[in-house]
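>>> pasting the sequence and the predicted model now:
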Amino acid sequence: MAAKKLYESFSKSLMEEVHRWGCMKQTGVSLRYMMEFGSKPTEKNLLISAQFLHKELPIRIARRAIELESLPYALSEKPAVLKVRDWYLDSFRDMRSFPEIKDSSDEREFTQMIKAIKVRHNNVVPMMALGVQQLKKVMDPKIVYEDLDEIHQFLDRFYMSRIGIRMLIGQHVELHNPNPPPHCVGYINTKMSPMKVARNASEDARFICLREYVPSHLHLMVFELVKNSLRAVQERHMDSDKVAPPVRIIVADGLEDVTIKISFPSPSSFWHFPLNFDVLKRGGIARSGLPKIFTYLYSTAKNPLDENLDIDSTDAVTMAGYGYGLPISRLYARYFGGDLQIISMEGYGTDAYLHLSRLGDSQEPLP
């Protein structure tokens, strides 16, 4: 009944239009193209950008709205997922209701509209996580979550698409900034120091643990990796008098990639400490446990999502605790032509390798 009631809030003609636009072809862009095009944010270029987004965004949003209608294991019927679907349908309606963009005045109004859409979708990740949690509560406890390929593949597509949508909107909006930071073209910092971002992310992760490319995206990825590492070390040494081993970060500057390695050397101890809190007695992650760390239905940390959470709330929810840090970090890396690899030696330790493409000319991996 809940699904039917929410569905009826949208007209039949709107739903038909969603399905029509969802069948259209997406157009990917590269980071290099975004940088070169945005290096001269003239009124003409901003108008061209807005006209492109006016056509492209409804296609991407429609595809996600359609997919949210028919998810396996009745995931589509969970209240939190229905809420996310409503956000996508509302955004599609807003996009399609906006008239043709003909001049700079239209472009400025359009920019404010897509800026509001981006804010509307701020909590999509925790809301989808809540929907998955609602599903897990009614599933057979004997089910092995990493075997639910359909759900994992959907979430990979869904979050990869979300990254692209937010990147396109954020880049266009930021080009309107009258006082951009030095060396920045919209979201993109042309002189970014991976070492500096890694150091800042490490300090932020350290602060969180003590409390219980695009710089913001790189920060997110390194933050998640270091946070997981520090949390594992902290939990392992909580009742010990021994000094916890350090988490070490190496940044390698290659011709094609910048690679950030996060590892756990410990001169006073034989074992290292794994990511995603899979702490074993002698360190490292068992080979059988590695598939779990990139799934969306698994985490050994305390789940921060209250089953009675107000799904209309706009309060931000941390990613820690519902197992999304590593899989989403890997999607960010892949979106920009890189990758994230986890290599573990059971009984010894675990290393994370974050590869970042220097070239920036790979097309978006459109789902």
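Nice, I can see it. Numbering: from 1, shown residues only.
>>> for residue 15, see how far away the residue nearest to residue 26 when sequence neighbours are not counted is.
Closest residue in space to residue 26, ignoring its immediate chain neighbours: residue 366 at 4.7 Å, by CB to CB, 6 or more residues apart in numbering. Just so you know, the C-beta spots here come from the backbone N, C-alpha and C atoms, and that holds for glycine as well. Separation of residue 366 from residue 15 (CB to CB, to the nearest Å): 23 Å.
>>> looks to me like residue 126 is in a helix.
Yes: under DSSP: H, G, I helix; E, B strand; the rest coil, residue 126 falls within a helix.
>>> return the distance of stretch 101-120 from the chain's centre.
With CA atoms, centre = their mean, to the nearest Å as the basis, stretch 101-120 stands 24 Å off its chain's centre.
>>> need the three-state assignment for the residue nearest to residue 26.
Assigned with three-state DSSP, residue 366 falls in the coil class.
>>> so what's the residue count around it?
Look at residue 366: counted by other CB atoms under 10 Å, it has 17 neighbours.
>>> pretty sure it is touching residue 28, no?
Yes: with contact defined as CB atoms under 8 Å, residue 366 reaches residue 28; the gap is 5.0 Å.
>>> residues shared between the contacts of those two?
Jointly contacting residue 366 and residue 28 under the rule CB atoms under 8 Å, 6 or more residues apart in numbering are residue 164.
>>> contacts only, for residue 124.
84, 87, 162.
>>> one more time with 10 Å, if that's ok
The neighbours of residue 124, taking CB atoms under 10 Å, 6 or more residues apart in numbering as the test, are 64, 83-84, 87-88, 158-159, 162, 165-166.
>>> shaky segments in the stretch 201-350 of the chain?
Filtered on pLDDT under 70, the stretch 201-350 of the chain yields the residue ranges 206-213, 231-245, 264-284, 298-323.
>>> now with 80, please.
202, 204-214, 227-247, 264-292, 297-325, 346-349 (pLDDT under 80).
>>> what segments of it are helices?
215-236, 325-335 (DSSP state H, counting those that start in this stretch).
>>> again with the stretch 51-200 of the chain
Remark: helices assigned in the stretch 51-200 of the chain by DSSP H, counting those that start in this stretch are 79-97, 104-120, 124-138, 149-174, 194-211.
>>> what would those helices look like in TSV with distance to residue 37?
Formatted as TSV, the helices of the stretch 51-200 of the chain follow (distance: least, CB to CB, whole Å):
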stretch	distance to residue 37
helix 79-97	21
helix 104-120	15
helix 124-138	27
helix 149-174	9
helix 194-211	24
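>>> figure out which of the ones you listed is closest to residue 290.
Among those, the nearest to residue 290 by CB to CB is helix 149-174 (14.3 Å).
>>> that closest one - what's its average pLDDT?
Per-residue pLDDT values across helix 149-174 average out to 94.
>>> quick one: it to helix 104-120, angle?
Here helix 149-174 runs at an angle of 140 degrees relative to helix 104-120 (axes from the mean of the first three to the mean of the last three CA atoms, to 10 degrees).
>>> could you number the chain from 35 rather than 1 from now on?
With 35 as the first residue, the last one maps to helix 183-208.
>>> could you pull out the buried residues of helix 183-208?
Buried residues in helix 183-208, defined by neighbour count with 16 or more other CB atoms under 10 Å: 185-186, 188-208.
>>> export the contacts of residue 158 as JSON lines, with columns for distance to residue 252.
As requested, these are exported to JSON lines (distance: CB to CB, whole Å):
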{"residue": "98", "distance to residue 252": "25"}
{"residue": "117", "distance to residue 252": "30"}
{"residue": "118", "distance to residue 252": "26"}
{"residue": "121", "distance to residue 252": "27"}
{"residue": "122", "distance to residue 252": "27"}
{"residue": "192", "distance to residue 252": "22"}
{"residue": "193", "distance to residue 252": "17"}
{"residue": "196", "distance to residue 252": "18"}
{"residue": "199", "distance to residue 252": "19"}
{"residue": "200", "distance to residue 252": "15"}
